[in-house]
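>>> Below is the structure, and that's it, no one-letter string:
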């Protein structure tokens, strides 16, 4: 599993355990996801380039480092990706945001696109794709396929949970895209859900089931 980064920080793992519980309320699940996403953002952006700017402290002028958040794009795979997006934006509020609308055909499990909206000048930007679950990998592959048509500088994929099947699918199609995840679970079931997993992330975020 080259190019897979497991974020095993104790706080990340603690919050993920609380989210997995079937009796976690919609409000609790959403709040924990926001907190966990912010923690993951620190790890995912660890290698972001910085530049020096001149500032004035209360005592003197100095040069200090800043990132250019406007060069970063968070791309949310709708709808569940929006659950991660808010926590990420809390850490890098200057980032641009793109959306890819995909739904999974319940019979074939193939990803079908219904929406695609990105900032301008993507060839200048670093992209972080967010989706809570990397299960079959079909949605992730479809999203990265479309993004690569715009020629961004780099692409990373961030999820809460994945499994060997999802990792294999994304790496086969896009071996250059690093995967950041809080857990690698056992397997997929016959319906394409991760086991032991946490259920349908979108339904649990939005309270639609």
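In hand now; what should we look at? Note that the coordinates shown come from a computational prediction; the quantities given were computed from them, not determined experimentally. Residues are numbered from 1 along each chain as shown.
>>> max-length helix in this structure?
The longest helix of the chain (DSSP state H) is helix 26-44.
>>> Need the pLDDT of the residue lying farthest from the centre of the chain.
Centroid-distance maximum for the chain: residue 59 at 40.3 Å, with CA atoms, centre = their mean. Per-residue pLDDT puts residue 59 at 97.
>>> so what's the backbone phi/psi at the closest residue to residue 173 other than its chain neighbours?
Sequence neighbours aside, residue 141 is the residue nearest to residue 173 in space, at 4.4 Å (criterion: CB to CB, 6 or more residues apart in numbering). (Each C-beta comes from the backbone N, C-alpha and C, glycine too.) Note on residue 141: backbone dihedrals following degrees, to the nearest 10 are phi -60, psi -40.
>>> How about the contacts made by residue 141?
Residues counted as contacts of residue 141 (CB atoms under 8 Å, 6 or more residues apart in numbering) are 111, 169-170, 173-174.
>>> again with residue 199
Residues in contact with residue 199 (CB under 8 Å, 6+ apart) are 22, 193.
>>> Looking at the contacts of residue 141, which one is closest to residue 124?
Set against residue 124, the nearest of those by CB to CB is residue 174 (20.3 Å).
>>> Hmm, residue 144 and the closest one touching each other?
Yes - Residue 174 is in contact with residue 144 according to CB atoms under 8 Å; the separation is 5.0 Å.
>>> and for the two, which residues touch both?
Common neighbours of residue 174 and residue 144, counting by CB under 8 Å, 6+ apart, are residue 155.
>>> Tell me how far the closest residue to residue 54 other than its chain neighbours lies from residue 52.
Closest residue to residue 54 apart from its sequence neighbours, by CB to CB, 6+ apart: residue 63 at 5.5 Å. Distance of residue 63 to residue 52, computed by CB to CB, to the nearest Å: 5 Å.
>>> for the record, mean pLDDT for the longest helix of the chain?
Per-residue pLDDT over helix 26-44 has a mean of 94.
>>> right, and the helix or strand after that helix?
strand 50-56 (DSSP states H and E).
>>> Could you give the separation of that next one from the chain centroid?
Distance, stretch centre to chain centre, for strand 50-56: 29 Å (CA atoms, centre = their mean, to the nearest Å).
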